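Novice: sequence and computational prediction follow.
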Amino acid sequence: MGIIVGTMALFVVLSVFSGLKVFSLSFTNEIDPDLKMTSTLGKSFFISAQQEQDLKKINGVASYTKIIEERVLFIFKDKQHVTYLKGVDSLYPVVNDIKRKLFNGQWLKPDSYQVVIGYGIAQDFSMGILDFENPLQIFAPKPGKGAIENPEEAFNKTDVLPVGIYSISEDLDSKYVFADLGLTQELLMYKPNQISGIEFHLKENADENAVKAQLEKIFNNKITLKNRAQLNESLYKMLNTENIAVYLIFTLVIIVALFNLIGALIMMILDKKGNLKTLFNLGTEINNLRKIFLLQGTLLSIFGGIIGLALGIILVILQQQYELIMITPTLAYPVVFTLENVLIVMATIVSLGFIASLIASSRVSKKLLD
């Protein structure tokens, strides 16, 4: 019973953490591309017409979008906020399904002075959409060297009209203001073919490494490429660390449960001492006597693990289908059934059960029988 309950608990908790990992990453996946390319030599780079043609020929790339990201100052009425202005072209909603995350309004039109803001920024500014009387002002520092003599001449300024509000997560809702690529280039004094990055949407079964190799060849190894996991490296590390910590904690619970197995086997050895002595006198070796209890303990672990896993799988599937346990009235505990978790739990139970049985069976010795 100890092994069954321990196995079930370990599998259920690992499934819950797999669900929480998928749930947490679902927020960033809405806005992060499959692959993002930036320059290794500075904030921006130039893309030629030939390079664009080569991009379209890459096998494995479904679509791509050119972007510009820069921290700028936003002013609305008497409030200020410094965050990222993200200039995007008309293909951005194809690469990132951002339109599905619009909380209010519509997506911006190309070649316009329209912007889409996050829900967090809208709250900070107490701002709505389509407010023609109170435009949102953007101040971007002018590129150049030397001391600033007149602060008013140090910034490029433009007025824009918010036409939509997106809502993804608390952090992202205060991070980006989306604008047209041409408007962003004009504000930052970029040239028409000057951008800060390219985001790619890959085909379903595309070879990521092959795509990276082709991109590095096109841009002469002067680029940095990051996939979705690398773009959220700290989040992935945190989630994986939590998963490992929980696994180790519940493995400790199973180890404590296996002390019962060791105790039960030792009691059985003492109970069967007379039978063991008879077998020993008939010529059975000590190692063969030990194997009896090693086999019995291992079989107990295997069958206990299988029964516990079966109960855990049933519980996880019921939670997926019927949402039995809720975090909030509208949000059920996220769980994900994976074969990886099944193998991890089974391997843990069998290996620890074998070690526990080995420890218990080592009590069978010539000294005990004498």
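Specialist: In hand now; what should we look at?
Novice: so which helix or strand takes in the closest residue to V82 other than its chain neighbours?
Specialist: Spatially, and ignoring its direct neighbours in sequence, V82 is nearest to L73 (5.4 Å; C-beta to C-beta, 6 or more residues apart in numbering). (Each C-beta comes from the backbone N, C-alpha and C, glycine too.) When elements are assigned from DSSP states H and E, L73 belongs to strand 61-76.
Novice: doesn't F139 make contact with the residue nearest to V82?
Specialist: Yes. In this structure, L73 sits in contact with F139. The criterion is C-beta atoms under 8 Å, and the distance is 4.2 Å.
Novice: now do the shared contacts for those two.
Specialist: F155 (C-beta atoms under 8 Å, 6 or more residues apart in numbering).
Novice: and for the nearest residue to S44 once chain neighbours are set aside, the neighbour number?
Specialist: Once its chain neighbours are removed from consideration, S44 has its nearest residue in S196; the separation is 4.8 Å (C-beta to C-beta, 6+ apart). The number of residues packed around S196, counting by other C-beta atoms under 10 Å, is 21.
Novice: my guess is S196 contacts E70, does it?
Specialist: Yes. Counting by C-beta under 8 Å, E70 is a contact partner of S196 at 7.1 Å.
Novice: what sits in contact with each of those two?
Specialist: K43.
Novice: how near is the residue nearest to V82 to Y113?
Specialist: Here the distance between L73 and Y113 works out to 17 Å (C-beta to C-beta, to the nearest Å).
Novice: repeat for L261
Specialist: L261 sits at a distance of 72 Å from Y113 (criterion: C-beta to C-beta).
Novice: next: A49.
Specialist: Per C-beta to C-beta, A49 is found 27 Å from Y113.
Novice: when those two are compared, which one has more neighbours?
Specialist: Y113 (17 against 8).
Novice: ranges for the helices of this protein?
Specialist: 2-29, 49-56, 92-95, 119-125, 181-187, 208-218, 228-231, 233-271, 273-281, 286-322, 339-361, 366-369 (DSSP state H).
Novice: contact partners of the fifth one?
Specialist: Pointing back at helix 181-187 there. Here helix 181-187 makes contact (C-beta under 8 Å, 6+ apart) with 66-68, 70, 72, 85-89, 110-113, 138, 140, 156, 158, 160, 190-192, 194-195.
Novice: so for it, mean pLDDT?
Specialist: Here the mean pLDDT over helix 181-187 is 95, rounded to a whole number.
Novice: the strands in the stretch 51-200 of the chain, which residues?
Specialist: Remark: strands of the stretch 51-200 of the chain, listed N- to C-terminal, are 61-76, 79-88, 102-105, 114-118, 136-141, 155-166, 176-180, 194-195, 197-202; assignment by DSSP state E, counting those that start in this stretch.
Novice: give me the nearest residue to T338, chain neighbours excluded.
Specialist: The shortest distance from T338 to any non-neighbouring residue, by C-beta to C-beta, 6+ apart, is to S18 (5.8 Å).
Novice: look up how far E208 lies from that neighbour.
Specialist: Relative to E208, S18 is positioned 22 Å away (C-beta to C-beta).
Novice: and these two? Which one has more around it.
Specialist: S18 (20 against 14).
Novice: show me what contacts that one?
Specialist: By C-beta under 8 Å, 6+ apart, the contact list for S18 reads N243, V335, V336, T338, N341.
Novice: show the pLDDT at it.
Specialist: 91.
Novice: just checking, F27 touches E170?
Specialist: No. F27 is not in contact with E170 according to C-beta under 8 Å; the separation is 9.0 Å.
Novice: neighbour count: those two, which is higher?
Specialist: Remark: of F27 and E170, F27 carries more neighbours, 18 against 12, as counted by other C-beta under 10 Å.
Novice: ok, the more buried one to D173 distance?
Specialist: For F27 relative to D173 (C-beta to C-beta), the value is 10 Å.
Novice: next one: P110
Specialist: 24 Å.
Novice: do the same with L41
Specialist: Here the distance between L41 and D173 works out to 32 Å (C-beta to C-beta).
Novice: these two - which one has more neighbours?
Specialist: More neighbours sit around D173 than around the other of L41 and D173, counting by other C-beta under 10 Å; the figures are 22 against 10.
Novice: OK, contacts around the more buried one?
Specialist: D173 makes contacts with G118, Y119, G120, I121, Y166, S167, as judged by C-beta under 8 Å, 6+ apart.
Novice: pLDDT at it, what is it?
Specialist: At D173, the pLDDT value in this model is 91.
Novice: how about the one 4 residues further on?
Specialist: In the predicted model, V177 carries a pLDDT score of 96.
Novice: so what's it bridging to?
Specialist: Taking DSSP bridges, one obtains L85, I117 as the residues bridged to V177.
Novice: what about it, neighbour count?
Specialist: Taking other C-beta under 10 Å as the criterion, the count of residues near V177 is 22.
Novice: which of the contacts of S18 are buried?
Specialist: Taking 16 or more other C-beta atoms under 10 Å as the criterion, what is buried in the contacts of S18 is N243, V335, V336, N341.
Novice: farthest-apart pair in those, please.
Specialist: Between any two of the buried ones among the contacts of S18, the greatest separation by C-beta to C-beta is 13.7 Å, found for N243 and V335.
Novice: does L55 touch A62 like I think?
Specialist: No. The criterion here is C-beta under 8 Å, and L55 misses it with A62 at 11.9 Å.
Novice: and the two? which has more neighbours close in?
Specialist: Remark: of L55 and A62, L55 carries more neighbours, 19 against 13, as counted by other C-beta under 10 Å.
Novice: kind regards, and thank you for your time.
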